[in-house]
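Participant: I need the structure of the sequence given here:
(chains A and B)
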Amino acid sequence: SAVISQKPSRDICQRGTSLTIQCQVDSQVTMMFWYRQQPGQSLTLIATANQGSEATYESGFVIDKFPISRPNLTFSTLTVSNMSPEDSSIYLCSATTVTNTGELFFGEGSRLTVL
Amino acid sequence: SQQGEEDPQALSIQEGENATMNCSYKTSINNLQWYRQNSGRGLVHLILIRSNEREKHSGRLRVTLDTSKKSSSLLITASRAADTASYFCATVPYNQGGKLIFGQGTELSVKP
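Facilitator: Numbering: from 1, shown residues only, chains lettered A, B, ... in the order given. As a prediction, the model looks like this:
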């Protein structure tokens, strides 16, 4: 199994600013993903965080808006850039472990409110 | 990028009753998984069923998979108030790098 820590757990941000969310896993993982969950909605995959290379973004998400880093196997960051109220969501980090059972482990999420 | 449709969207039952949630998806998959999310929390993995499996059990959970109909169901037997949560099915589409695509979810309320 894996324990995923995210910070901040919540934040209130001003329109036009950027915020970086950090994700730390307590064990070696293979794949890391970032999801967005808008209020009352399901999870939407933003991107796959690739170690040492550019993230792979899903349709509708671009690097300029959501830059992602993954400098090593257990750490990743997601930045939400130039925020607007529409970016108010929970952002969740997830990972699969090296045993690759197929299941995803999730952090508790980072709840962002943009005013 | 939503792949799954779930029904019902909301389900309210009494403690002790069984709860059934259904999920349909669109593309070929490697496996299908069910997750639970308590209000304001992260997701917890419940069960995984592979594309060559038809039924799987884990405690009070029973999952079925019909790949010909591209559908799955989650049955929770003898429900408890602590089962109150949102339940999501998620698929790992074939040949897409292992990413998980979530359905819309079912909000389950179990009344004591």
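Participant: who's in contact with the residue nearest the centre of chain A?
Facilitator: The C-alpha lying nearest the average C-alpha coordinate of chain A belongs to A:Trp34 (CA atoms, centre = their mean; 3.4 Å). Residues in contact with A:Trp34 (CB atoms under 8 Å, 6 or more residues apart in numbering or on different chains) are A:23, A:45-47, A:49, A:66, A:68, A:76, A:78, A:91-94. All C-beta atoms are positioned from the backbone trio N, CA, C, and that covers glycine.
Participant: quick one: low-confidence ranges for the chain?
Facilitator: Picking chain A for this. The model of chain A has pLDDT under 70 over residues A:98-101.
Participant: You answered for a different chain; I wanted chain B.
Facilitator: Ranges of chain B meeting pLDDT under 70: B:1-4.
Participant: Turn the contacts of A:Trp34 into TSV, including secondary structure, distance to chain B and neighbour count.
Facilitator: Below are the contacts of A:Trp34 laid out as TSV (DSSP: H, G, I helix; E, B strand; the rest coil; distance: CB to the nearest CB, whole Å; neighbours: other CB atoms under 10 Å in any protein chain shown):
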residue	secondary structure	distance to chain B	neighbour count
A:Cys23	strand	11	26
A:Leu45	strand	6	23
A:Ile46	strand	10	24
A:Ala47	strand	9	23
A:Ala49	strand	11	24
A:Phe66	coil	14	19
A:Ile68	strand	14	24
A:Ser76	strand	15	28
A:Leu78	strand	15	26
A:Tyr91	strand	11	22
A:Leu92	strand	6	26
A:Cys93	strand	9	27
A:Ser94	strand	8	27
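Participant: Spell out which residues of chain B are next to chain A.
Facilitator: Within chain B, the positions adjacent to chain A are B:1-2, B:30-31, B:33, B:35, B:40-45, B:48, B:88, B:90, B:92, B:97-105 by CB under 8 Å from any CB of the partner chain.
Participant: Narrow the residues you listed to those that are buried.
Facilitator: B:30-31, B:33, B:35, B:42-43, B:45, B:48, B:88, B:90, B:92, B:98-105 (16 or more other CB atoms under 10 Å in any protein chain shown).
Participant: so where do the strands sit in the chain?
Facilitator: Just going to use chain A. A:4-7, A:10-13, A:19-25, A:29-37, A:43-49, A:56-57, A:68-72, A:75-80, A:89-97, A:105-106, A:110-114 (DSSP state E).
Participant: Chain B is the one I meant
Facilitator: Secondary structure of chain B (DSSP E): strands located at B:5-7, B:10-14, B:19-24, B:29-37, B:43-50, B:55-58, B:61-66, B:71-76, B:85-93, B:101-102, B:106-111.
Participant: so what does the fourth one touch, helix or strand wise?
Facilitator: The contact analysis (3 or more CB pairs under 8 Å, 6 or more residues apart in numbering or on different chains; DSSP states H and E) places strand B:29-37 against strand B:43-50, strand B:61-66, strand B:71-76, strand B:85-93.
Participant: Show me what that strand is in contact with.
Facilitator: A:102-104, B:23, B:25, B:43-51, B:61, B:63, B:65, B:67, B:72, B:74, B:85-94, B:98, B:100, B:102, B:105.
Participant: ok, now the third one?
Facilitator: With CB under 8 Å, 6+ apart as the test, strand B:19-24 has contacts from B:4-8, B:11, B:13, B:32, B:34, B:69-76, B:79, B:83, B:87, B:89, B:103, B:106, B:108, B:110.
Participant: from the helices and strands packed on strand B:29-37, which stretch is densest packed?
Facilitator: strand B:85-93 (a mean of 23; mean count of other CB atoms under 10 Å in any protein chain shown).
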